[in-house]
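Visitor: Give the three-dimensional model of this entry:
(2 chains)
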Amino acid sequence: MYEWDFSPVLAEGGFLLVGFRNTLILTATALSGGLVVGLLLAFARLSHRRWLTVPAGIVIEVFRTTPPLVQLFWFYFGLPIVLSIEMTPFLAASLTFMIQSGAFFAEIFRAGIVSIEKGQWEAAKAIGMTYNQCMRRVILPQAVKRMFPSMMERSIELMKTTTLVATVSYADLLFQANELAQKTFRPLEVFTIVALIYFVSISFISFLASRMERRFAKSGEFTP
Amino acid sequence: MNYIWNFQDVFNNWWALAIGAAGTLRLFVVCLVLGMGLGLIIALGRRSRNRPIRWLSTAFVEFFRNTPVLVQILWFYYALPIIVPIEIGPFLAAILGISLNSAAYSAEIYRGGIQSIEPGQWEAAKAIGMNGLQTLRRVILPQAIRRIIPALTNRGVEIFKMTTLASVVAYVELLQQGKLIASLSFNPLEVYTVIAAIFLIILYPIVRLTYALERHLARSD
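Guide: Next comes the predicted model:
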């Protein structure tokens, strides 16, 4: 029978903590960038200009139907060749996950915007608002409320997807775990602890999200 | 920006990609069957009257949905062999990680589908003398599955994309073979472009089909 021994792993706890911090930094960067990219893509896809809708549609479909790991390799190993630039793991990962999550966010934004009744647009137009004003003051505030659950789900997916960056040697939690497992010869304990860290932090975020959803639900009209 | 693309080396190695594609397909089929099958069992487990079964199924779903699938694959590959006396190769580790993860996700889809069927259907089936299992098989599931086909197809697409993660434990699939070609002929740009294109060509029609199915079901319901 194998005897579990967490002490060598716990002694190096700071090592994993660095990884966890890097995971959070990457998630935050990709998330904030992804939301902007997603909103822009959604607007482009909803516009009436073909030169905007077609490219936006292509970006969205390509990034939704190809595996994120292939995208990451493309950005890390392939893109520097075309642009003849230096690529760091962090930059490649931020770019990949920004656009990848942006493609998914775009569909969420679009569905949310489309779900707002036509009457709202007409009413805003009737009191003299322009398209942009109506979008910003009337449509988006309502749409964001409806999209909130799927947006949280996507953000959690994004946090889980960031583990892929370990394959291009960015020191995220999983990468640090791999290093530590080799250093301490305790892969069982290391990977179990890392799985638990992800489990606890992601469960905590989902818990917060569901509490906020309930608050939204109480504060008026809400589509689950 | 004046890089000249050259796909020659990629096409010269088409057989390596073909072997990779076969590996991807094999892993996909196994994980699809296991994931969707186990998912149904777990969904039923969450509805069970037996408290430990219900509790275990819920714990399973929560655990596998709230940890990254790559961590699961690496756990099965590096950690599990230490406590169980069996050899765990890349194929088995990938199967375990991807199938169990997909089982947790599809369990939630099945559960949503079963819950969406009106209670009246259960009562009607009971009234004409069916037991729980009969009702489920003859009345509830046929209707529930019809409603969740788009969600299940989406899950299938996700599973197909997830198979690339097996390359991390050096299982021979498309991306792994791509890495090999790129390291031999120094053409990562062309190789990864081709691999992305292969996935796009296979998955895009399926994604379109899902959209069409969704619209069709929305109309007929």
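Visitor: ok now do the residue most central in space within chain A, which residues does it touch?
Guide: By Cα atoms, centre = their mean, chain A has its centre lying nearest to residue A:158, at 3.5 Å. Counting by Cβ atoms under 8 Å, 6 or more residues apart in numbering or on different chains, residue A:158 makes contact with A:27, A:30-31, A:34, A:97, A:101. To be clear about C-beta, it is placed using only N, CA and C from the backbone, and glycine gets the same treatment.
Visitor: So what's the gap between the host helix or strand of it and the chain middle?
Guide: Element membership for residue A:158 (DSSP states H and E) is helix A:140-161. Its chain's C-alpha centre lies 9 Å from the corresponding centre of helix A:140-161 when counted by Cα atoms, centre = their mean, to the nearest Å.
Visitor: Buried residues, it. List them.
Guide: For helix A:140-161, the neighbour count (16 or more other Cβ atoms under 10 Å in any protein chain shown) marks A:140, A:142-143, A:145-152, A:154-161 as buried.
Visitor: ok, now which ones touch residue A:72?
Guide: By Cβ under 8 Å, 6+ apart, the contact set of residue A:72 is A:92-93, A:96, A:164-165, A:167-168.
Visitor: What of residue A:176?
Guide: Taking Cβ under 8 Å, 6+ apart, we find residue A:176 in contact with A:15-16, A:18-19, A:22.
Visitor: Same check on residue A:4?
Guide: Neighbouring residues of residue A:4 by Cβ under 8 Å, 6+ apart: A:188-189.
Visitor: Name the SS class of it, please.
Guide: Following DSSP: H, G, I helix; E, B strand; the rest coil, the label given to residue A:4 is coil.
Visitor: How about the residue in chain B that sits furthest from its center?
Guide: Most distant residue from the mean C-alpha position of chain B: residue B:2, 40.3 Å away (Cα atoms, centre = their mean).
Visitor: what's the distance between that residue and residue B:191?
Guide: Noted for residue B:2: a distance of 20 Å to residue B:191, by Cβ to Cβ, to the nearest Å.
Visitor: for residue A:83, same thing?
Guide: 17 Å.
Visitor: Equivalent analysis for residue B:46, please.
Guide: On the measure of Cβ to Cβ, residue B:46 and residue B:191 end up 43 Å apart.
Visitor: Ok, residue A:141 next?
Guide: Distance from residue A:141 to residue B:191, by Cβ to Cβ: 46 Å.
Visitor: What of residue A:80?
Guide: Residue A:80 sits 14 Å away from residue B:191 when distances are taken as Cβ to Cβ.
Visitor: Mind checking which of those two has more residues around it?
Guide: Higher neighbour count among residue A:80 and residue B:191: residue B:191, with 29 against 17, using other Cβ atoms under 10 Å in any protein chain shown.
Visitor: quick one, phi psi at the more buried one?
Guide: Main-chain dihedrals, residue B:191, degrees, to the nearest 10: phi -60, psi -50.
Visitor: swap in residue B:7?
Guide: Main-chain dihedrals, residue B:7, degrees, to the nearest 10: phi -90, psi 0.
Visitor: In space, what's closest to it - neighbours in sequence excluded?
Guide: Nearest non-adjacent residue to residue B:7, counting by Cβ to Cβ, 6 or more residues apart in numbering or on different chains: residue B:190, 5.1 Å away.
Visitor: give me the number of residues near that neighbour?
Guide: Applying other Cβ under 10 Å, we find 21 residues neighbouring residue B:190.
Visitor: In which helix or strand does it reside?
Guide: For residue B:190, the element it lies in under DSSP H and E is helix B:188-220.
Visitor: Output the contacting helices and strands for that helix.
Guide: Packing partners of helix B:188-220 (3 or more Cβ pairs under 8 Å, 6 or more residues apart in numbering or on different chains; DSSP states H and E): helix A:50-65, helix A:68-73, helix A:79-83, helix B:8-12, helix B:14-47, helix B:141-162, helix B:174-185.
Visitor: Hmm, residue B:77 is touching residue B:93, no?
Guide: Yes - applying Cβ atoms under 8 Å, one finds residue B:77 in contact with residue B:93, separated by 3.7 Å.
Visitor: Now do the longest helix seen in chain A: which elements does it pack against?
Guide: Looking across chain A with DSSP state H, the single longest helix is helix A:13-46. Counting contacts by 3+ Cβ pairs under 8 Å, 6+ apart, helix A:13-46 packs against helix A:50-65, helix A:89-114, helix A:140-161, helix A:173-184, helix A:187-218.
Visitor: how does it look with 10 Å?
Guide: Applying 3 or more Cβ pairs under 10 Å, 6 or more residues apart in numbering or on different chains; DSSP states H and E, one finds that helix A:13-46 contacts helix A:7-11, helix A:50-65, helix A:89-114, helix A:140-161, helix A:173-184, helix A:187-218.
Visitor: Just put these in JSON lines and tack on mean pLDDT.
Guide: Converted to JSON lines, those look like this (pLDDT from 0 to 100):
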{"stretch": "helix A:7-11", "mean pLDDT": "87"}
{"stretch": "helix A:50-65", "mean pLDDT": "95"}
{"stretch": "helix A:89-114", "mean pLDDT": "95"}
{"stretch": "helix A:140-161", "mean pLDDT": "92"}
{"stretch": "helix A:173-184", "mean pLDDT": "94"}
{"stretch": "helix A:187-218", "mean pLDDT": "92"}
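Visitor: Now render those helices as CSV, adding distance to residue B:12.
Guide: Listed next are the helices and strands packed on helix A:13-46 as CSV, based on distance: least, Cβ to Cβ, whole Å:
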stretch, distance to residue B:12
helix A:7-11, 47
helix A:50-65, 26
helix A:89-114, 27
helix A:140-161, 33
helix A:173-184, 34
helix A:187-218, 39
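Visitor: which one of the ones you listed lies closest to residue B:216?
Guide: Residue B:216 lies closest to helix A:89-114 among the helices and strands packed on helix A:13-46, at 18.0 Å (Cβ to Cβ).
Visitor: Tell me the buried residues in the helix or strand following that closest one?
Guide: The helix or strand immediately downstream of helix A:89-114 is helix A:118-126, counting by DSSP H and E. If you call a residue buried by 16+ other Cβ under 10 Å, then helix A:118-126 has these buried ones: A:121, A:124.
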